[in-house]
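Undergrad: Here's my sequence, what's the structure:
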Amino acid sequence: MVKLNAEKDTVTAARYSVSSYPTIMVLKQDGTEMDRVVGYYRAPEFISQVEDYMAGRNTLAAFAAMEPDSGSDPGYVARLADRFLYHGQNDEAQKRYERVIQMDPANRSGMVDDALYHLARMSRKEKDYASDRRYAHRIIERYPSSDMHRAAILEVAGAYRREGKLKAALPIYLDYAKRFPDDEDTPFAKEQADSCRVRIQRGEGV
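TA: Alright, predicted model coming up:
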């Protein structure tokens, strides 16, 4: 077993398209990837996943091979999109997330808001802040009862802030803090509002 700090060893991280931490990769002796475990799991579940991968079960390739038979199930397509995303195959992930949105506009599966949020974050990483906001706004406008609703509001504000549009970000952060005073992210919203205000006073942003 080899442990690497992907934030320092960026070459290896880029080689294997690692973007989430922790990522445990199961490799063959020649360095070929069997699959990966992303996130934290209890020991029994983690061991079970690794054993499956070593036996060729439940790998991304095996899961993707089910698509011709399971591709009409938004739950399956969303999970497949997640697997592609964790493997750094963003184009393939985006195709599946977009398909989930098309298949289930009423969000009966409960997967559409998550798909939109993933697409927003993917856009953010690519510094496509207009698309980031567009996806997040769709959650806010179409799924107000979603558990991703508040996160989407902060995503919109963050996209404006990263783009340097501080005067657009500031009222969103202030409104968030006012509407959700007891939310765990409200201290963050207040902090960002204060930061935006100071930067605007310095003449930064637009």
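Undergrad: Ignoring the adjacent residues along the chain, who's closest to the residue nearest the centre of the chain?
TA: By C-alpha atoms, centre = their mean, the mean C-alpha position of the chain lies nearest to H118, the distance being 3.8 Å. Nearest residue to H118, sequence neighbours excluded (C-beta to C-beta, 6 or more residues apart in numbering): Y97, at 5.7 Å. Heads up, the C-betas are built off the backbone N, CA and C, glycines and all.
Undergrad: Report how many residues lie close to that neighbour.
TA: 27 (other C-beta atoms under 10 Å).
Undergrad: could you point out which element follows the host helix or strand of it?
TA: Assessed by DSSP states H and E, Y97 sits inside helix 90-103. As assigned by DSSP H and E, the chain's next helix or strand after helix 90-103 is helix 112-125.
Undergrad: roughly how far out does whatever helix or strand comes next after that following helix sit from the chain middle?
TA: As assigned by DSSP H and E, the chain's next helix or strand after helix 112-125 is helix 129-142. The chain centroid and the centroid of helix 129-142 are separated by 14 Å under C-alpha atoms, centre = their mean, to the nearest Å.
Undergrad: which of the residues in helix 129-142 are buried?
TA: For helix 129-142, the neighbour count (16 or more other C-beta atoms under 10 Å) marks 129, 131-140 as buried.
Undergrad: Pick the one among those closest to P105.
TA: R138 (10.4 Å; C-beta to C-beta).
Undergrad: Other residues contacting stretch 169-187?
TA: Stretch 169-187 is contacted from outside by 150-151, 153-154, 156-158, 160-161, 189-190, 192-193, 196-197, 200, using C-beta atoms under 8 Å, 6 or more residues apart in numbering.
Undergrad: Could you rerun that using 7 Å?
TA: Under the contact criterion C-beta atoms under 7 Å, 6 or more residues apart in numbering, stretch 169-187 has outside partners 150, 153-154, 156-157, 160-161, 189-190, 192-193, 196-197, 200.
Undergrad: and D82, which of the three is it?
TA: helix (DSSP: H, G, I helix; E, B strand; the rest coil).
Undergrad: any idea how far it lies from K165?
TA: 31 Å (C-beta to C-beta, to the nearest Å).
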